[in-house]
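Enquirer: Here is my input; please provide its structure:
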Amino acid sequence: LSQVLRLHTEAFDLMQRTPYLARKMGSPLLDKVTSAVTSSRSLGFGPPDPAVREAKFVAYVGHDTNIFNLAGMLDTTWLQPGYQRNQTPPAGALMFEVREGADKKLRVYSSYVAQSMEQMRNATPLTLDVPPVKTPLRLPGCSTSAPGFPCTLEEFAVAARNVLDRDCLE
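Expert: Presented below is the predicted three-dimensional model:
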């Protein structure tokens, strides 16, 4: 199974992560994600939907193609135990968390989250005590070397803005 999945991952790497293709296909979604992540501040992404602005949790549901597009745009990669590099198992997700630090600065923590191969094989219910595998992502445009590779909210907004294709947003 791992060898077959490698073909899937390599094909998607070529078709969905290639920078030009990722920007063309991923810009509308990254714009929405960044608007939601930065909704507490006015950082040039326009006013988010009022429901998003007040939400504590926002989910955009898509496909592995969408994950590859955003990962390609943000130039990030992951490796989870038992999987190939950048593999997207069923129900995997890119996650962006906004946390306030002791210094009162808002930081964005990016990660890839998916059930392990063993959890999937055993149909293990995922809970707080038995969570899926969470791999922190380093975003070259803004991540620091602190645990979890956080970006300040402002740096995250700049990194996202720098890779958006404005022609795909109108």
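Enquirer: I'd guessed Leu137 sits against Trp78; true?
Expert: Yes: using C-beta atoms under 8 Å, Leu137 is in contact with Trp78, at 6.1 Å. Placement of C-beta: from N, CA and C, glycine included.
Enquirer: Buried residues of the helix or strand hosting Leu14, list them for me.
Expert: According to DSSP states H and E, Leu14 maps onto helix 2-16. Neighbour counts over helix 2-16 (16 or more other C-beta atoms under 10 Å) mark 9, 12-13, 16 as buried.
Enquirer: what's the closest of the residues you listed to Gln84?
Expert: Gln84 has its nearest neighbour among those in Thr9, at 5.0 Å by C-beta to C-beta.
Enquirer: so what pLDDT did that closest one get?
Expert: pLDDT recorded at Thr9 is 82.
Enquirer: Show the contacting residues for Pro108.
Expert: Wrong residue type there; residue 108 is Val, not Pro. 37, 96-98, 142, 150-153, 156 (C-beta atoms under 8 Å, 6 or more residues apart in numbering).
Enquirer: Repeat the analysis, applying 10 Å as the threshold.
Expert: 34, 37-38, 96-99, 139, 142-143, 148-157, 159-160 (C-beta atoms under 10 Å, 6 or more residues apart in numbering).
Enquirer: just Asn122 next, same as before
Expert: Taking C-beta under 10 Å, 6+ apart as the test, what Asn122 contacts is 115-116.
Enquirer: and it, what are its phi and psi?
Expert: For Asn122, the backbone dihedrals are phi -90, psi 0 (criterion: degrees, to the nearest 10).
Enquirer: any idea which residue of the protein is furthest from its center?
Expert: Using C-alpha atoms, centre = their mean, the residue of the chain lying farthest from its centre is Asn122. It sits 26.4 Å away.
Enquirer: before we move on, back to that, weed out the non-buried ones from the contacts of Val108.
Expert: Of the contacts of Val108, these count as buried by 16+ other C-beta under 10 Å: 34, 37-38, 96, 98, 139, 142-143, 148-151, 153, 155-157, 159-160.
Enquirer: So in terms of bridging, what pairs with the residue most central in space within the chain?
Expert: Nearest to the mean C-alpha position of the chain, by C-alpha atoms, centre = their mean, lies Leu94 at 3.3 Å. According to DSSP bridges, the residues that bridge with Leu94 are Tyr112.
Enquirer: Done for today, thanks.
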